[in-house]
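> Based on what follows, work out the 3D shape:
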Amino acid sequence: MVALSDFQRIGVGLVGFGLFFILFGILLYFDSVLLALGNILFLSGLVFIIGLRRTFSFFFQRSKMKGSSFFLGGVIIVLLRWPLLGMLLEAYGFINLFRSFFPVAFGFLGSMVNIPLLSKLLQKVGDSSSMV
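Numbers count the residues shown, from 1 in each chain. From the prediction side, this is the model:
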């Protein structure tokens, strides 16, 4: 298991609460206050986890500038209380920022079928032939 410092533990909590508030804000028909709070908590948690310098170097790389501008612009637009447009811009920016990470994540999800208990669960879910 990876040892986390106290700041990183706080960051994980902030990111978790941020994602919760973002999802809750989406469920409540794009509530701008919840989405803004979720965005602030998510970004501050990211800073706590990887550090201020590495966060800035990640967002402001020349190759990721388009994705960063859309993502951070979406955060600002959500803060200005235009939640639907802001979340669309954030989603586009998120896809552009993490484009290189998606194949790794999908490869990891594909390898999860080799886990004994999980593979049995996936087989049972796949074999259900209910007509409902």
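
> Specify the local secondary structure of the residue positioned nearest the centre of the chain.
Geometric centre of the chain, nearest residue: residue 19, 6.9 Å, by Cα atoms, centre = their mean. Assigned with DSSP: H, G, I helix; E, B strand; the rest coil, residue 19 falls in the helix class.

> May I have the residues that are in contact with the closest residue to residue 59 other than its chain neighbours?
Excluding the flanking residues, the one nearest residue 59 by Cβ to Cβ, 6 or more residues apart in numbering is residue 68, at 4.4 Å. From N, CA and C alone the C-beta is placed, and that goes for glycine too. Contacts for residue 68 were tallied using Cβ atoms under 8 Å, 6 or more residues apart in numbering; they are 59-61, 93, 97.

> hmm, 7 Å instead?
Neighbour list for residue 68: 59-60, 93, 97 [criterion: Cβ atoms under 7 Å, 6 or more residues apart in numbering].

> from those residues, which would you call buried?
Neighbour-count burial (16 or more other Cβ atoms under 10 Å) applied to the contacts of residue 68 gives 59, 93, 97.
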